[in-house]
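Engineer: Mind looking at a prediction? Sequence and model below.
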2 protein chains.
Amino acid sequence: MKNRQITIIDVAKSAGVSIATVSNVLNRRNVPLSHETIRKVEDAAQALGYRRNVMAASLSRKKTFELGLILPSFGGYFADFAHVMQDAVHRCGYHLSVYSSYNNPELEKRHLETLLQRRVDGLFCHGLAMPPELARKFVGEGTPMVLFNAWNWPEDVTLGAVNLDFAGGAAEAVEHLAAQGCQALVYISKQRARATDHQRQLGFLKGIGGLAAGACKHHEIIPSVTLGEEGLYQTLVEHVQKYGSVGLLAFDDYDALIMLSRLRERGVKVPEQIKIVGINDQMFVSYCWPPITSLAIDLENQVFHAVHLLLSHLGEAAALEAIPLQGHKAVRPEEGPAHEIHIPMKLMRRMSTDASPCIGG
Amino acid sequence: MKNRQITIIDVAKSAGVSIATVSNVLNRRNVPLSHETIRKVEDAAQALGYRRNVMAASLSRKKTFELGLILPSFGGYFADFAHVMQDAVHRCGYHLSVYSSYNNPELEKRHLETLLQRRVDGLFCHGLAMPPELARKFVGEGTPMVLFNAWNWPEDVTLGAVNLDFAGGAAEAVEHLAAQGCQALVYISKQRARATDHQRQLGFLKGIGGLAAGACKHHEIIPSVTLGEEGLYQTLVEHVQKYGSVGLLAFDDYDALIMLSRLRERGVKVPEQIKIVGINDQMFVSYCWPPITSLAIDLENQVFHAVHLLLSHLGEAAALEAIPLQGHKAVRPEEGPAHEIHIPMKLMRRMSTDASPCIGG
DNA sequence: CTGAAAGCGCTAACAC
DNA sequence: GTGTTAGCGCTTTCAG
């Protein structure tokens, strides 16, 4: 900050009008203004190199045009998420402050506090680690909050939750694997990610339940912490011998890539003997060999819905035109709270689950 | 923002002291305060649920404790970068606002303007797309700026530049590949990334120049836009036939993974026939098969140096203790401007460049 | 050690 | 259409 910044007063003097007029011009307020005046003010501002002071404006109008986003981490999918989020929010004329909490409730609390001290107009939280009661007390009645991937949160603490349909996606993956001839199905579960893992498990089981009788001879859920252990691969190889082809649903693309590599390293044929489905559809899944089938997340869909939820609550209907909802389908599930909506996932089919023999396998 | 927020005045009343005292207590100012008073104020604040208004404080003290970061994108390495950056800055008691400019000078200008309107105390820019002259005029004498990966910028527009030693790293990669028996060396160049690509090329050539006579029979620079073309792989296969083993330095890990996959798909043996080195050491390079050798970036080193540069300029020596520089080596190159420092890179050797036969190859 | 008072730069009524 | 004025909530002299 310079020693003496150029203020609205300087502009007013230089343009020969009052400061109210300058403020009106600069904010394109709906008061009648002569073209003449507008030009004069704009020229003066330009000439002086005037730059509005956001802090002062925020303080005065009791609104900051700043939104907060709390993420569990910045890795993998969350990087893309932050990106899309920031873009959407900027397009609506808001500023976004992003924090990552590493799933640590203490850090999360500190970040929330910081954001609240900045008087953000609204909050987005992706998989809050703290319990709902704490969150409720924390944000008080003041700041509206929208959640991502939060199942069964009480209605009074949030405006709503925008959830990915992991359950539906997992079920679809199961069907796909079964249709490709997998007689044994395995889900690699990451228990650290409680809520999302639970949804995946639900979907996995639902998918199994929906298969034609006898289509699946064996199914199993294995924790991903065993990825580094030899035993896991022996188990899988035994499954191959016993059931022919086995289908693997990994917790995410990273796990999928690890398994793919470890299996091929041990001479297992992918996809002939084992077929793999990842989750997130990260860039690298289509670059590796064989390319990995993955459940894609429609980030824009998810983000747009969330921003709409929040900004329409703030009465910003006009700003929302910058991020139209057209073509972005979300479903309100029959069961579960009404304020939770689900964003469908899309299975991107690639060679790692192809029934036909593949070149490099 | 609530209708009526709890102010310092409320706290003062409730604690039975003056507002100045409250402010002093809350900011742990170095004025003498009785323990009694401190407790009274803190209790009152706690009881009332007082939360300081950052906007008001910033306005009043003419300092925002906010720093801006402009990135070319959020993808790959930049995600990690943003993460480390944010963490470091928070630890020093500052807030970080991150923007991504997609290498678009117009967007970059807008973002800069926004950040300046927020009266950020300082700016970090990673590979600014706009020319130095514009940047100079833009930030004026007001806001200190530190650059990342900016070579040969004039000294007067920035506090300094913290650059990755791509040149040294590339040279090291070349030596390594040659030592593993590669008689032909190829660099896959990404021309879109002007500055960093240039450094890699310099290093590649320097590395070649430093080899023992006859160690390298052929070297070549190929643009990465040809990664999708069949011709590239034919060329490489011909090189293999002609020179035995060929070494590949990719622009980054993504390109490395693509090449690895495409080559194996075509039956080329990695690493026996072609050895690959990537850049960035992203997570997935150690997950794929064979794991890819890659030039690692010491993010913390880079970030800490940059934050030190900026905050020490702001007179925040005390805050910097949260991110000690110990163990983080940077070099001031003999040639080149004195305000540019180089962060060394580290070659992480993995099976993709292993001279010994590899299991799954 | 504490308190009164003058801003920080901008917005929003409300008169002119 | 334009100007005056009273804040927004906090910091910071500077007397007591």
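Structural biologist: Arrived safely, thanks for sending.

Engineer: For the stretch 151-300 of chain A, which segments count as strands?
Structural biologist: A:160-164, A:184-189, A:218-223, A:246-249, A:274-280, A:293-296 (DSSP state E, counting those that start in this stretch).

Engineer: Next, the angle from the third one to strand A:184-189.
Structural biologist: With axes from the mean of the first three to the mean of the last three C-alpha atoms, to 10 degrees applied, the angle from strand A:218-223 to strand A:184-189 works out at 20 degrees.

Engineer: strands paired with strand A:218-223, and their directions?
Structural biologist: Each strand that pairs with strand A:218-223, with its direction, by DSSP bridges: strand A:184-189 (parallel).

Engineer: returning to that earlier point: so which of the strands of the stretch 151-300 of chain A comes closest to DNA strand D?
Structural biologist: Of all those, it is strand A:160-164 that lies closest to DNA strand D, at 27.7 Å by C-beta to the nearest atom of the strand. Quick note: C-beta positions are derived from backbone N, CA and C, even for glycine.

Engineer: what mean pLDDT would you report for the closest one?
Structural biologist: Strand A:160-164 shows a mean pLDDT of 95 in the predicted model.

Engineer: what lines up beside that strand in the sheet?
Structural biologist: If you go by DSSP bridges, strand A:160-164 pairs up with strand A:145-148 (parallel), strand A:340-343 (parallel).

Engineer: now could you export just the CA positions of the first one as PDB?
Structural biologist: So the one you mean is strand A:145-148. What follows is strand A:145-148, C-alpha atoms only, in PDB (Å, rounded to 0.1, in the frame of the first residue of the first chain):
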ATOM      1  CA  MET A 145     -23.000 -22.600   3.900                       C
ATOM      2  CA  VAL A 146     -23.200 -25.100   1.100                       C
ATOM      3  CA  LEU A 147     -21.600 -28.600   1.500                       C
ATOM      4  CA  PHE A 148     -20.100 -31.000  -1.000                       C
END
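
Engineer: doesn't residue A:127 make contact with residue A:195?
Structural biologist: Yes - in this structure residue A:195 lies within contact range of residue A:127 using C-beta atoms under 8 Å: 6.2 Å.

Engineer: more crowded one of the two?
Structural biologist: Applying other C-beta atoms under 10 Å in any protein chain shown to residue A:195 and residue A:127 shows that residue A:127 carries more neighbours, namely 19 against 16.

Engineer: The more buried one contacts residue A:150, correct?
Structural biologist: Yes - using C-beta under 8 Å, residue A:127 is in contact with residue A:150, at 6.6 Å.

Engineer: Kindly point out which residues are neighbours of both of the two.
Structural biologist: By C-beta atoms under 8 Å, 6 or more residues apart in numbering or on different chains, residue A:127 and residue A:150 have these common neighbours: residue A:195.

Engineer: Let me see the contact set for residue A:75.
Structural biologist: Residue A:75 neighbours (C-beta under 8 Å, 6+ apart): B:79, B:80, B:83, B:283.

Engineer: let me redo that: residue A:251
Structural biologist: Going by C-beta under 8 Å, 6+ apart, residue A:251 touches A:188, A:189, A:190, A:193, A:197, A:200, A:224, A:279.

Engineer: Tell me the one of these nearest residue B:91?
Structural biologist: residue A:193 (26.2 Å; C-beta to C-beta).

Engineer: Find the nearest non-adjacent residue to that closest one, please.
Structural biologist: Spatial nearest neighbour of residue A:193, chain neighbours left out: residue A:251 (7.2 Å); criterion: C-beta to C-beta, 6 or more residues apart in numbering or on different chains.

Engineer: Same question for residue A:266.
Structural biologist: residue A:233 (5.8 Å).

Engineer: And for residue A:89?
Structural biologist: Leaving aside its sequence neighbours, residue A:89 sits nearest to residue A:96 (C-beta to C-beta, 6+ apart; 4.3 Å).

Engineer: Quick check: the gap between that neighbour and residue A:303.
Structural biologist: Look at residue A:96 and residue A:303: by C-beta to C-beta, to the nearest Å, they are 11 Å apart.

Engineer: which of these two has more neighbours?
Structural biologist: Comparing residue A:96 with residue A:303 by neighbour count (other C-beta under 10 Å), the higher total belongs to residue A:303, at 25 against 22.

Engineer: Residue A:189 bridge partners, please.
Structural biologist: residue A:223.

Engineer: Confirm for me that it is in contact with residue A:225.
Structural biologist: No - the criterion here is C-beta under 8 Å, and residue A:189 misses it with residue A:225 at 9.3 Å.

Engineer: ok, the two, which is more surrounded?
Structural biologist: Neighbour totals were compared for residue A:189 and residue A:225, and residue A:189 leads with 21 against 13 (other C-beta under 10 Å).

Engineer: Now do the helix or strand where residue A:81 lies against helix B:77-91, angle only.
Structural biologist: In the assignment (DSSP states H and E), residue A:81 maps to helix A:77-91. Here the directions of helix A:77-91 and helix B:77-91 differ by 80 degrees (the same axes, to 10 degrees).

Engineer: Please point out which parts of the following helix or strand past helix A:77-91 sit buried.
Structural biologist: Next in sequence after helix A:77-91, counting helices and strands by DSSP H and E, comes strand A:95-100. For strand A:95-100, a neighbour-count test (16 or more other C-beta atoms under 10 Å in any protein chain shown) marks A:95, A:96, A:97, A:98, A:99, A:100 as buried.

Engineer: ok, for the residue nearest the centre of chain A, nearest residue in space, not its chain neighbours?
Structural biologist: The centre of chain A sits closest to residue A:81, judged by C-alpha atoms, centre = their mean, with a distance of 4.6 Å. Nearest non-adjacent residue to residue A:81, counting by C-beta to C-beta, 6+ apart: residue A:299, 6.2 Å away.

Engineer: Please apply the same query to residue A:153.
Structural biologist: residue A:132 (5.4 Å).

Engineer: hmm, back to that, select, out of the strands of the stretch 151-300 of chain A, the one closest to residue B:247.
Structural biologist: Among the strands of the stretch 151-300 of chain A, the nearest to residue B:247 by C-beta to C-beta is strand A:274-280 (30.8 Å).

Engineer: Need the residues that contact the lengthiest helix in chain A.
Structural biologist: Among the segments of chain A that qualify as a helix by DSSP state H, the longest is helix A:194-210. Helix A:194-210 has contacts (C-beta under 8 Å, 6+ apart) with A:127, A:149-151, A:163-164, A:166-175, A:178, A:185, A:187, A:189-191, A:216, A:219, A:221, A:249, A:251, A:279.
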